[in-house]
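K.L.:
Based on what follows, work out the 3D shape:
(chains A and B)
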Amino acid sequence: MSIFAYAPAPESRAVVDIASSYGLFIDGEFRPAAEDKVFPTHSPATEEQLSEVAHAGAADVDAAVRAARAAFGPWSALPGSERATYLFRIARILQERSRELAVLESLDNGKPIRESRDVDLPLAAAHFFYYAGWADKLAHAGFGPDPRPLGVAGQVIPWNFPLLMLAWKVAPALATGNTVVLKPAETTPLSALFFADVCRQAQLPPGVVNILTGDGSTGAELVAHPGIDKVAFTGSTEVGRSIARTVAGTRKRLTLELGGKAANIVFDDAPIDQAVEGIVNGIFFNQGHVCCAGSRLLVQESVREELLEALKRRMETLRVGDPLDKNTDIGAINSAEQLARIQELAAAGEAEGAERWSPAGCELPGQGYWFAPTLFTGVAQSHRIAREEIFGPVLSVLTFRTPEEAVAKANNTAYGLSAGIWTEKGSRILWMADKLRAGVVWANTFNKFDPSSPFGGYKESGFGREGGRHGLEAYLDV
Amino acid sequence: MSEKSGARLSVFKTYKLFVGGKFPRSESGRVYQVTDSQGGWLANAPLSSRKDARDAVVAARKAFPGWSGATAYNRGQVLYRVAEMLTGRREQFADEVAAAEGLDREAALAAVDTAIGRWVWYAGWSDKIAQVAGGANPVAGPFFNLSVPEPTGVVAVLAPQDSSLLGLVSVLAPVVVSGNTAVVVTSERAPLPALSLAEVLATSDVPGGVVNILSGRTAELGAPLAAHQDVNAIDLTGAAGDAALATELETAAAGNLKRVRRPAAAEDWSADPGTGRLLSFVETKTVWHPIGI
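P.N.:
Have a look, this model is predicted:
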């Protein structure tokens, strides 16, 4: 194996100031939790404590919802062009402070700085920019001449793209005139708290955005609160199911963006090198902590050997380590809990008879939570690693002979978030795209995101769309 | 120009054209006197020639591939930057608009603020117009069929005579946001705010040649632009009030079947602009592709 010896290229963490503790952001001010409870947040790469944040309880949820309710009247009554101005300001401030936020995100989440710098931050700012433009154009969006907002939105977001998921939730909600109470994930609260400062700089009216840190119990309090009109959740299918049960029988609107088990389908006429890059990007991007990750590789039998050889060769060059190093490809697993889940499923893969492979030279740091990029061959559709979302850098390889078989296998899942197709034949791409039961289909590319492009799932991957013109619907009374 | 004794003698600005990202004088060497609403002298503005108009078309054509090929997001950012730069020079433009149009200070500031808002409004349209004006077409067969709006090309714009800045921005921004490049003829009587706007555009990341601004006689410049074989569309708004000229220009424009936006009798530049102007300068392209194994 030949690998270049890279000199360390660390991004300075001095660009961002992390306070030793943070309160809850309610009605434009930080305040401690009513019960004074706090919890620590760690860097998953080093296990060091980064800060201590407030743990919101029922009283805090109630206070935040009241603040959002009080702010809703004036906010929704603003001319769209003024809401747009606030959102443009937020977009610009995110652009200006993107280096700080990128470092903070990599510290708190464990993702490589290259990804937080080049993907998360530009996309988050672009999302606000895009929806800023809609705020004064709602009459043109196809939802009637004067579509109305829903009211107060309770939003619960995951830890895999903390700031980007915040942007996906907050930007369309505010553009359409709603106010929000947002709960970031337990393990990644810092960028959302930083966002509170962005709102301050943008002079956003108090109460329009409220941020409650906490754990699953906080999220449960929020979605069950009778004072909210809308629940938007991104996270696991299990939690999504329980939220759907909670809001059943209420007037609350619900959108869910849940898990996935995407098939990345490679035909024998595909350009192999491009496909390999797409497969690697599909499953190892963000440590595989991606709901739309291409976690099932479906390769046509005739090119299986050639593709696997090229894929393994490429995997041997992946650099796992310090998230703040600019050359790092794969950072830290976000938490000990998630690492344990990945390890458990990988063990199940071996126990059920699949063959496990990781690059031989892949050394993992001694401290922190790490998992080497991993490939399973000989995977059957019945195996847990072919059915369950692993949410880690683990790829399950299956094969097929005909397009019909590829479609049948790709659709043989409870999920339906995304899919990938690799072939030189355009008509086949479109035939496959027609047949695949998935909300996003990438052809000869993978994991592409844009604020103008709707994203969301079929089946148990959730319902509703985020992004694009379609993303407005989730926050309008239509 | 009142110069109080003891006050520092002010430096006058030479107003120039804006062509290809540069600030040339008219190649003809001609100028004309611009006066305020009371008849007081304001400045000598370039009196552009037919040759200036042709040079501006060349610059606009040269800029078209880059600007139309930029991402919609990028174009939106650039237009938003124009709004930011204009905001920074709000007071200056209020002075110029007040002098040019005889407005009181408050009305001039309102016109400038509305012009800023106009850039923001159109900036937001950059990556949305395709979602409103384009879309998938469910044809009765195994075909993927998608229509998308694309920029028409080089657009000649005769800016309104009555509204030197707000009117000009209201006709210019919808042309360039979709990826067209523009040759703008300013208000004949009140060209100065438009010529100053060139300074804003030049510092707003607008690539050279995307917007070209000419001052002079509307009729003299309109004729070569309307007849020009490398101009794809013309907005005759500045010919409102001269029906004979408008007809003459529309007739000349038929030579290469330019898209023509006819002048309206009276336009309220402070009203919600809608999408009419934006959609006047786009082509619809429809792509067919078979679906099958």
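K.L.:
And for the residue of the stretch 251-400 of chain A at minimum distance from chain B, the neighbour number?
P.N.:
Chain B sits closest to residue A:267 of the stretch 251-400 of chain A, with a gap of 10.2 Å, by CB to the nearest CB. Quick note: C-beta positions are derived from backbone N, CA and C, even for glycine. Neighbour count for residue A:267, taken as other CB atoms under 10 Å in any protein chain shown: 22.
K.L.:
now swap in residue A:78 and tell me
P.N.:
16.
K.L.:
Find the residue closest to residue 161 in space, skipping its chain neighbours.
P.N.:
Assuming you mean chain A. In space, and not counting its chain neighbours, residue A:161 is closest to residue A:120: 5.8 Å by CB to CB, 6 or more residues apart in numbering or on different chains.
K.L.:
I was thinking of chain B, sorry if that wasn't clear
P.N.:
That would be residue B:187: by CB to CB, 6+ apart, it lies 4.9 Å from residue B:161.
K.L.:
quick one: that neighbour from chain A, how far?
P.N.:
According to CB to the nearest CB, to the nearest Å, residue B:187 stands 26 Å off from chain A.
K.L.:
which residues sit in contact with that residue?
P.N.:
B:100, B:159-164, B:167-168, B:194, B:238 (CB atoms under 8 Å, 6 or more residues apart in numbering or on different chains).
K.L.:
Now intersect those residues with the helices, please.
P.N.:
Judged by DSSP state H, the subset of the contacts of residue B:187 located in helices is B:100, B:167-168, B:194.
K.L.:
JSON lines please, covering the residues you listed and showing neighbour count, distance to residue A:77 and pLDDT.
P.N.:
Shown next, in JSON lines, are those (neighbours: other CB atoms under 10 Å in any protein chain shown; distance: CB to CB, whole Å; pLDDT from 0 to 100):
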{"residue": "B:100", "neighbour count": "25", "distance to residue A:77": "36", "pLDDT": "95"}
{"residue": "B:167", "neighbour count": "27", "distance to residue A:77": "30", "pLDDT": "98"}
{"residue": "B:168", "neighbour count": "28", "distance to residue A:77": "32", "pLDDT": "98"}
{"residue": "B:194", "neighbour count": "27", "distance to residue A:77": "36", "pLDDT": "98"}
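K.L.:
quick check, nearest of these to chain A?
P.N.:
residue B:167 (19.0 Å).
K.L.:
That closest one contacts residue B:157, correct?
P.N.:
No: judged on CB atoms under 8 Å, residue B:167 makes no contact with residue B:157 at a distance of 10.8 Å.
K.L.:
so the residue nearest to residue B:136 when sequence neighbours are not counted bridges to which residues?
P.N.:
Nearest non-adjacent residue to residue B:136, counting by CB to CB, 6+ apart: residue B:146, 5.5 Å away. Beta-bridge partners recorded for residue B:146 (DSSP bridges): residue B:136, residue B:287.
K.L.:
And the residue nearest in space to the middle of chain A, how close does it get to chain B?
P.N.:
The residue lying closest to the centre of chain A (CA atoms, centre = their mean) is residue A:161, at 4.3 Å. Here residue A:161 is placed at a distance of 19 Å from chain B (CB to the nearest CB).
K.L.:
re the thing from before, and the residue nearest to residue B:161, that's in a strand?
P.N.:
No: if the criterion is DSSP: H, G, I helix; E, B strand; the rest coil, then residue B:187 is coil and not within a strand.
K.L.:
ok, how many other residues are close to residue 38?
P.N.:
In the absence of a named chain, chain A is used. If we define neighbours as other CB under 10 Å, then residue A:38 has 16 of them.
K.L.:
please go with chain B instead
P.N.:
Count around residue B:38 with other CB under 10 Å applied: 7.
K.L.:
just residue A:270 next, same as before
P.N.:
Residue A:270: 22 surrounding residues under other CB under 10 Å.
K.L.:
Same question for the one 3 residues further on.
P.N.:
Residue crowding around residue A:273 was assessed by other CB under 10 Å; the count is 10.
K.L.:
where does chain B have low pLDDT?
P.N.:
B:1-6 (pLDDT under 70).
K.L.:
Can you pull up the residues of it that come close to chain A?
P.N.:
B:72-73, B:76-77, B:80, B:117, B:120-121, B:123-128, B:131-132, B:144, B:275, B:289-293 (CB under 8 Å from any CB of the partner chain).
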